[in-house]
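Novice: Provided below are the primary sequence and the corresponding predicted coordinates.
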Amino acid sequence: MRRIHLLLVLAVALTALFIGGCQIDSPYGSRTERSSAPTAAPTRTPPVVVDAPAKALADDTFVEQAPAPATPGKKLRQVPKITSEPLIGVMLASGPEVALQLPRGGTITHAGIRTLIQPGALHVRATGKGLTTSATGNSLLGDHIRIQVPPAANAPTFSATLDVPFGKPQTLQFSGQPEVAIDAASRKAMLIERVGLEQYLKGVLPTEISPSWPLEAIKAQAVAARSYTLDRYLVRLNQPWQLHWHFTVDQAYGGLKPLPPRMAVALEQTRGQLLASAGLPIPALFHACSGGRTESARNFRADLTGADNVTDMTAVMPSVDDPDGISGAEALGFSATHLDWRVEVPMATVTANLQKWAATHPEDRMRIGTVSSVRPVDRFPDSNRVATVTVRHLLNNREIDTVMSAATFRLAVGPGQIRSTNWKRCVIASAKGGILVIEGRGYGHGVGMSQVSAYQMARTGSAASDILKRFYPGAGLVQWW
């Protein structure tokens, strides 16, 4: 339990900063967070059904509901049939040059020539004509190279020091095979690990949930993470990589580390199991704590589809009552951070963070001056979370009201401070320059599984399938491989 509290303090400190666009939430997990204003429900059209290789598990009552309808105006993406564990590409680093350490050396094969690489550091550079490395005499190696490293039991094949959006760089070890590719758009070099999906999950689970939590909670997390991973794999199948190692983009991934025994059991008992709808793995979102009721995927991302780009996936993660989000936070001693929280943010900080967001997210088309007030406009009727806010600010000597989604506002100002959009109170306190005071419940975007609730449900006797059924009632639990 001391470890849990230590991780909590560390994560709250780290998540005060945010690199735009994706995941940051909690000590035990953070789901893909994308800014999206609330939109009306799309017009329904008949579903497009693709290959469905898996069957519902015979020993569970958790079965798939009717296929979700297709989303109009989107082009169908052909989805291949996956019947065995795939190899996935994990994006590790990007830049004009990438570096890795080879503990046992390796080989690079290009144009039929096999070059032996000595143990130690390997630097690969991107040029306008392709990749080069001094290890092969700086000859041009094309836009994609694979480095073969001899495997060894329980030993890494390579290691790399990775930059993070905030804090010090991290040096991680990896068990897969390294690759380097040139990004077609930026022409930068990308360091990628090619690794089996189940092996990848061994690096995800310990970074997303506490190994001291009940087995059934860890199993539920394993299934949700596997579902998200396969969905991303299919969506990005034609790209050099499918999952990013850092939790600001996808799931948190720690590479090759000792796997706690309970987590090894959870992965073994759920191997190949995932959540599916209409024959597709669902993009299973999850978060730290619901605070008593989850958010619906439709409110958070109305355009959320399956890997075929047309099948609506919002219905599989509706807003549901979740009393275990309250009792679980209390049992873990998280009441002040995950259940009932209060934050005070100087208006100068609100201004600076919103201006930074506007500068780094031109797609939002926001121009922000000096902020003087923030006011909730409306709430979603199903979750009662704040849908939109009005930000009043002075821009070019004019007082302007800018309306934005509460989700965008939270990400821009800081999701480590404004822990959710489930606000109970929002006021401007009198002080020099003003203070934004928000009181709220829950931690995270609120969509899908609440990890604190999974802890509590497992602690009181629920099976992993029961946990998953609560938070993903529109999906089926299936054996995919």
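Specialist: Perfect, I can see it now. None of the values given here were measured: they were computed from a predicted structure.
Novice: export the helix or strand harbouring residue 92 as PDB, just CAs?
Specialist: When elements are defined using DSSP states H and E, residue 92 is found to belong to strand 87-95. Coordinates of the C-alpha atoms in strand 87-95 are reproduced here as PDB (Å, rounded to 0.1, in the frame of the first residue of the first chain):
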ATOM      1  CA  LEU A  87       3.800  -8.900 -34.000                       C
ATOM      2  CA  ILE A  88       3.300  -5.200 -33.300                       C
ATOM      3  CA  GLY A  89       5.600  -2.200 -33.800                       C
ATOM      4  CA  VAL A  90       6.100   0.000 -30.800                       C
ATOM      5  CA  MET A  91       7.300   3.500 -31.500                       C
ATOM      6  CA  LEU A  92      10.200   4.400 -29.100                       C
ATOM      7  CA  ALA A  93      12.000   7.500 -30.400                       C
ATOM      8  CA  SER A  94      12.100   9.900 -33.300                       C
ATOM      9  CA  GLY A  95      14.600  12.400 -34.500                       C
END
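Novice: how about it: buried residues?
Specialist: Residues 88-94 are the ones in strand 87-95 that count as buried (16 or more other CB atoms under 10 Å). Where you see a C-beta, it was placed from the backbone N, CA and C, and this is true even at glycine.
Novice: stretch 373-385 too?
Specialist: Of the residues in stretch 373-385, those buried under the neighbour-count criterion (16+ other CB under 10 Å) are 373-374, 376, 379-380, 383-385.
Novice: would you map the helices across the stretch 251-400 of the chain?
Specialist: 261-269, 297-300, 324-332, 347-360 (DSSP state H, counting those that start in this stretch).
Novice: so what's residue 453 up against?
Specialist: Listed by CB atoms under 8 Å, 6 or more residues apart in numbering, the contact partners of residue 453 are 289-290, 322, 324-325, 328, 467, 470-471.
Novice: ok, residue 464 next?
Specialist: The neighbourhood of residue 464, defined by CB under 8 Å, 6+ apart, consists of 216-217, 219-220, 223, 270, 458.
Novice: longest helix of the chain, counting residues only.
Specialist: With DSSP state H applied, the helix covering the greatest number of residues in the chain is identified as helix 215-235.
Novice: which intervals of the stretch 1-150 of the chain have sub-threshold pLDDT?
Specialist: For the stretch 1-150 of the chain, the stretches with pLDDT under 70 are 1-72.
Novice: all helices for it, in order.
Specialist: Taking DSSP H, counting those that start in this stretch as the test, the helices found in the stretch 1-150 of the chain are 2-14.
Novice: which of the contacts of residue 464 ranks first by neighbour count?
Specialist: Top of the contacts of residue 464 by neighbour number is residue 220, holding 33 neighbours under the definition other CB atoms under 10 Å.
Novice: which ones are touching it?
Specialist: Applying CB under 8 Å, 6+ apart to residue 220 gives the contacts 449, 454, 458, 464, 467-468.
Novice: residue 384 too?
Specialist: For residue 384, the contact set (CB under 8 Å, 6+ apart) comprises 293, 422.
Novice: give me the neighbour count for residue 134.
Specialist: Neighbouring residues of residue 134 were enumerated by other CB under 10 Å; the total is 10.
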